[in-house]
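**Q** give the three-dimensional model of this entry:
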Amino acid sequence: MAIDRRGLAEFLRGRRAALQPEDVGLARGERRRTSGLRREEAAALSHMSTDYYARLEQERGPQPSDQMVAAIAQGLHLSLAERDHLFVLAGHTPPPRGAESDHVSPGMLRIFDRLHDTPAEVVTELGETLRQSALGIALVGDLTRLQGPERSIGYRWFTDPAARRRYDPEDHAFLSRLWVSGLREVATLRGPGSRAARYVDLLLPRSEEFALLWERHEVGLRPPLTKRFIHPELGRLDLSCQTLVDPEQSHALLVYTAAPGTESQEKLRLLSVIGGQTFDPESAAVAVAEHPEP
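**A** Residues are numbered from 1 along each chain as shown. A predicted model of the protein is given here:
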C-alpha cells in the first residue's frame, strides 16, 4: 500500500484542530490562541518529536512505521474507524480489532485523562497494562514499558519473582489461582492461536506452580473488592478497585481508591506527593504538611 501524503496531512490537521486541550487532559492556559491542539501537544501525546509530527502534516518526511501510526492514533484519541483510516492513509494495513487490540477507545481515554489524583490503569483481558496514571506508576512502577509476554501480570506472576513484591504475601496463593483461572477462561474463549493460548504454552514448561494449578481446571474466580498492595517505602495500602469495561475492545479501566479516614488514604496522599522519588520519611512528612487535603 502506498502512502497518501496529502490525505494523511489533511486528516492529521483536521483531527488535531477538532481536539481541545481539556479533551486530552491538558490545561488550556490563559493566553491560548490555537483553537485546537498545538502541534507540539499532538506530538507529545503521540510520543514523538514535534519536528517529526510537523513533517507529516506538511506532506514530507519518511513513511511512518505502523508503530508510529498506532501512537498517533492513540495520541489523537481516534475511534477505531478513524484509526483504520489513518493506517490506510499512511500505507499500512489496519491492525485487528477486538480482544488483541491495544487501541484504547476515545471514551475510555477521556475518563482516564481526568484521573490525576488516583492510581488508575487501562488493561487488556490478559492483564497487559496499556495506560497508567502518574499515581498508578508511583504505586506499582511503570508497566507500560514492558514488551512481549512480560506485559501480562499473569505471565510475570509465574516467571518473575519481582512481580509478587507489590502484593501482600497473604494473598499470593489466591492470586496464583486467580491468574490461572482467568487465563483458562480467556484461552478457551479466544481459542487456539490466540495470545492467551500462546501464554499458556509458554508458562506450562516454565512454571511448575502454573502447571499444577492449570491441571485443576478452575474457572470463575474473581478479584477481591479490596486489593492489598505493598509499596517498597510506604508499606501496605488497602485500596478498593472500581472497574469500567469496554466490551468492544475487551479493555478495563481500573481505578484504585482508599476509604476515607484510613491509614491507606494517608499513604495515598503521601504517594501523590513523593511520586516515584526515593522515600525520605522526614521530608515526606513535611511535604504532606505543605500539601493538605483540599
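**Q** which is the next helix or strand following the lengthiest helix in the chain?
**A** Counting by DSSP state H, the longest helix found in the chain is helix 172-190. Heading C-terminal from helix 172-190, the first helix or strand you meet, by DSSP states H and E, is helix 195-206.
**Q** for that next one, name the packing helices and strands.
**A** For helix 195-206, the packing partners by 3 or more Cβ pairs under 8 Å, 6 or more residues apart in numbering; DSSP states H and E come out as helix 153-159, helix 172-190, helix 208-214. C-beta coordinates here come from the backbone N, C-alpha and C atoms, glycine included.
**Q** run through who's touching the last one.
**A** For helix 208-214, contacts defined as Cβ atoms under 8 Å, 6 or more residues apart in numbering pick out Phe158, Ser176, Arg177, Val180, Arg184, Val200, Leu203, Leu204, Pro205.
**Q** filter these to the buried ones?
**A** Neighbour counting with 16 or more other Cβ atoms under 10 Å marks Phe158, Ser176, Val180, Arg184, Val200, Leu203 as buried within the contacts of helix 208-214.
**Q** what's the angle from the longest helix of the chain to helix 195-206?
**A** 130 degrees (axes from the mean of the first three to the mean of the last three Cα atoms, to 10 degrees).
**Q** ok, back up a step: and the contacts of helix 208-214, which is closest to Leu126?
**A** Val200 (10.8 Å; Cβ to Cβ).
**Q** how close does the closest one sit to Gly191?
**A** Counting by Cβ to Cβ, to the nearest Å, the gap from Val200 to Gly191 is 12 Å.
**Q** can you check Leu146 too?
**A** Remark: distance between Leu146 and Gly191 (Cβ to Cβ) = 25 Å.
**Q** more neighbours: which of the two?
**A** Leu146 (17 against 9; other Cβ atoms under 10 Å).
**Q** wait, doesn't His116 sit right on Ser133?
**A** Yes: the pair His116 / Ser133 is scored as a contact, 6.9 Å apart, by Cβ atoms under 8 Å.
**Q** neighbour count winner among the two?
**A** Applying other Cβ under 10 Å to His116 and Ser133 shows that Ser133 carries more neighbours, namely 22 against 11.
**Q** list the contacts of the more buried one.
**A** Going by Cβ under 8 Å, 6+ apart, the list of residues near Ser133 reads Phe112, Leu115, His116, Thr118, Pro119, Ala120, Glu121.
**Q** the first one - how many residues pack around it?
**A** In other words, Phe112. Neighbour tally, Phe112, other Cβ under 10 Å: 21.
**Q** dump the residue contacts of it.
**A** Counting by Cβ under 8 Å, 6+ apart, Phe112 has contacts Val104, Ala120, Val122, Arg131, Ser133, Leu253.
**Q** what would the residues you listed look like in TSV with secondary structure, distance to Val273 and pLDDT?
**A** As requested, the contacts of Phe112 are arranged in TSV below (DSSP: H, G, I helix; E, B strand; the rest coil; distance: Cβ to Cβ, whole Å; pLDDT from 0 to 100):
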residue	secondary structure	distance to Val273	pLDDT
Val104	coil	28	94
Ala120	strand	18	97
Val122	strand	24	97
Arg131	strand	22	95
Ser133	coil	15	95
Leu253	strand	24	97
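**Q** give me the buried entries from these.
**A** Val104, Ala120, Val122, Arg131, Ser133, Leu253.
**Q** tell me how far the last one lies from Asp102.
**A** Spelled out, that is Leu253. 14 Å.
**Q** cool, and the third one?
**A** Val122 sits 10 Å away from Asp102 when distances are taken as Cβ to Cβ.
**Q** what's the overlap in contacts for the two?
**A** In contact with both Val122 and Asp102: Leu130, using Cβ under 8 Å, 6+ apart.
**Q** can you tell me which two in the buried ones among the contacts of Phe112 are farthest apart?
**A** Maximum pairwise distance in these, criterion Cβ to Cβ, is 13.2 Å, between Val104 and Ser133.
**Q** quick one: end-to-end distance for stretch 222-236.
**A** Terminal residues of stretch 222-236 lie 21 Å apart, using Cα to Cα, to the nearest Å.
**Q** so what's Met48 up against?
**A** Met68, Ala71, Ile72.
**Q** across the sheet, point out what pairs with Thr257.
**A** Here Thr257 sits in beta bridges with Ser240, going by DSSP bridges.
**Q** residues touching it, list them.
**A** Thr118, Leu239, Ser240, Gln242, Leu268.
**Q** name the nearest of those residues relative to Ala259.
**A** Ser240 (7.0 Å).
**Q** can you tell me the closest non-neighbouring residue to Arg222?
**A** Leu178 (7.7 Å; Cβ to Cβ, 6 or more residues apart in numbering).
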